[in-house]
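Colleague: here you go, sequence then predicted model.
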Amino acid sequence: MSDPPKRNLRAGGVWVAAALAAALAACTPALPGVSGAPATAPAPEKPWTPPAAARPAPAAAPERPAAAEVPPDIAQRIQRLTITDVVDLALRNNPATRQAWANARAAGAAYGMARGAYFPQLDADASINRIKTIATAGRVAVQQTTYGPSATLSWLLFDFGSRSNATEAARQALLSADWTHNATIADVVLQAQVAFYNYVASGALFAAQQASLKDAEANLEAGEARRRVGVATIADVLQARTALSQARLAVDTTLARRQATRGALALALGYPANLPYDVDSVTAPVPVGAVADSVEAIIARAIRDRPDLAAARAAVAEAEARARQLRADRLPSLTATGTAGLAYVVNRPGGGNNYNVGVGVSIPLFNGLTREYAQAEAEAQADAAAARARSLEQQATYQVFTAYYNLQTATRRIRTAADLLASAQQSADVALARYKAGVGTVLDLLAAQSALADARAQNVQARLAWYTSLAQLAHDAGALDARGRTDLRLTADTLTPEPPR
């Protein structure tokens, strides 16, 4: 008569446990804290407050590198750095080149690991074992200690290309990393050159603005002299003073820009902006001229020589080799194995050896279609890598095309700017002479000198555009070496303008 109550009690306990489990499952557990702070922000629109332990310690203020930190061969001419020095320092200090080099070294190590698959794998080990058995019918208890070394050999004798394709994929990955390193060097060289030319151009523009300031001061002196003799009015003097203030403002603005370009160049060198240095702008110019080769020839050279394109092509070859490797993984392989060892028993003289040798065939049959899907993924990745390479080639073609015609335009602009400067200088000289002679107005003089100041600025900007356009074209064509030089052929020098007609 007691069985039903027991069954009811057990059933009630099951229901209580089920209800408790359901209640616990319905509760959402709170997120764990982090070092005494909430795990997340209290709301999406509020920031997370980190715990004190997670806050980084305040870093010491960076010290300006002393002259000794600059390479000794360059420290001696730190105040007259050439463009070659600038490129050299940028390559030494830029972290991008170090990162690319480290990636290439890692890829080289991976290639070495892949080649190891062609060699046998030999492992040695030593063991000691203590055995104790219990006494049974007809047998006594045994206690025994055995020890000894052993060696195991495994050698893949044959497969259907898995090993060779894995090695080829690692080799192509190494080539891609090396080409990427070269492309990074070219990028750093271009950045350093552009920063150098910007700084030199800012100095030239500052000198031009100072020349305009001197002209404005001369105009004011001439206006005041004419007013003293009664041939000019106070309006002429006030207009000259206004022009002088504008010239001073232009000088101050250009000086601020020059300091900014100076800091940008120091940053490109890998040093703080307040590094005490200067450049030798006399060594900056090269013979200015148009590119002698056609745009089609330079595009063909870029497709052939650009390191980033070579890296992309190597990435395609790597992806294709990976796909072939995974395809071969689905085929049988032949492996030889062998084990040899020595066994010794404590308190017993002598020992014995043992070995086994075998050759086995491994035939992949089924593993949930994992190998098939892995092969399909690799083949799709190879198609994607090929598409990326084609896209990069199209981008390279566009970049060379654009840089080529930018340089052509910059070359023509050099001559036009030089002609404009010569004409503006003559016009300003004539206007000043006429004003001093009393036959010209101050408005004519100020207009002529304003045109001269603009022509000076245009001349500086034209030269800057030419140098940067040449560097960009050399970079895009794959013709920029690690010292910032290029072998692009240019036509005759066009720096010297024809006399104005």
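Modeller: Nice, thanks for sending it over.

Colleague: pull out the buried residues from stretch 361-374.
Modeller: Within stretch 361-374, the residues that count as buried by 16 or more other CB atoms under 10 Å are residue 374. Every C-beta, even on glycine, is put in place using the N, C-alpha and C of the backbone.

Colleague: that one: end-to-end distance?
Modeller: Start-to-end span of stretch 361-374 (CA to CA, to the nearest Å) is 22 Å.

Colleague: other SSEs contacting the helix or strand harbouring residue 247?
Modeller: Using DSSP states H and E, residue 247 sits in helix 234-269. Based on contacts counted as 3 or more CB pairs under 8 Å, 6 or more residues apart in numbering; DSSP states H and E, the elements that helix 234-269 packs against are helix 83-93, helix 162-228, helix 442-476.

Colleague: so which elements touch the longest one?
Modeller: Under the contact definition 3+ CB pairs under 8 Å, 6+ apart, helix 162-228 sits against helix 83-93, helix 95-115, helix 234-269, helix 307-328, helix 370-437, helix 442-476.

Colleague: buried ones in the first one?
Modeller: So that's helix 83-93. Those would be 83, 85-91, 93, for helix 83-93 by 16+ other CB under 10 Å.

Colleague: which residues touch that helix?
Modeller: If you take CB atoms under 8 Å, 6 or more residues apart in numbering as the criterion, helix 83-93 is touched by 70-71, 74, 77, 81, 97, 185, 188-189, 191-193, 195-196, 265, 268-271, 279, 283-284, 482-484.

Colleague: what do you get if the cut-off is 7 Å, keeping everything else the same?
Modeller: If you take CB atoms under 7 Å, 6 or more residues apart in numbering as the criterion, helix 83-93 is touched by 74, 97, 185, 188-189, 192-193, 196, 268-270, 283-284, 482-484.

Colleague: export it to CSV, keeping only CA atoms.
Modeller: Extracted as CSV, the C-alpha positions of helix 83-93 are listed here (Å, rounded to 0.1, in the frame of the first residue of the first chain):
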residue,chain,number,x,y,z
ILE,A,83,67.1,64.1,-51.2
THR,A,84,69.2,61.0,-51.1
ASP,A,85,69.8,61.5,-47.4
VAL,A,86,66.1,62.0,-46.8
VAL,A,87,65.2,58.8,-48.6
ASP,A,88,67.9,56.9,-46.7
LEU,A,89,66.7,58.1,-43.3
ALA,A,90,63.1,57.4,-44.2
LEU,A,91,63.8,53.8,-45.2
ARG,A,92,65.9,53.2,-42.1
ASN,A,93,63.3,54.5,-39.6
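
Colleague: which regions of the stretch 151-300 of the chain sit below the pLDDT cut-off?
Modeller: 231, 282-287 (pLDDT under 70).

Colleague: go again with 90.
Modeller: Residue ranges of the stretch 151-300 of the chain with pLDDT under 90: 151-165, 171, 197-248, 250-259, 261-294.

Colleague: ok, so of the buried residues of helix 83-93, who is nearest residue 223?
Modeller: Nearest to residue 223, judged by CB to CB, of the buried residues of helix 83-93 is residue 83 at 43.7 Å.

Colleague: any idea of the pLDDT on the closest one?
Modeller: Per-residue confidence for residue 83 comes out at a pLDDT of 83.
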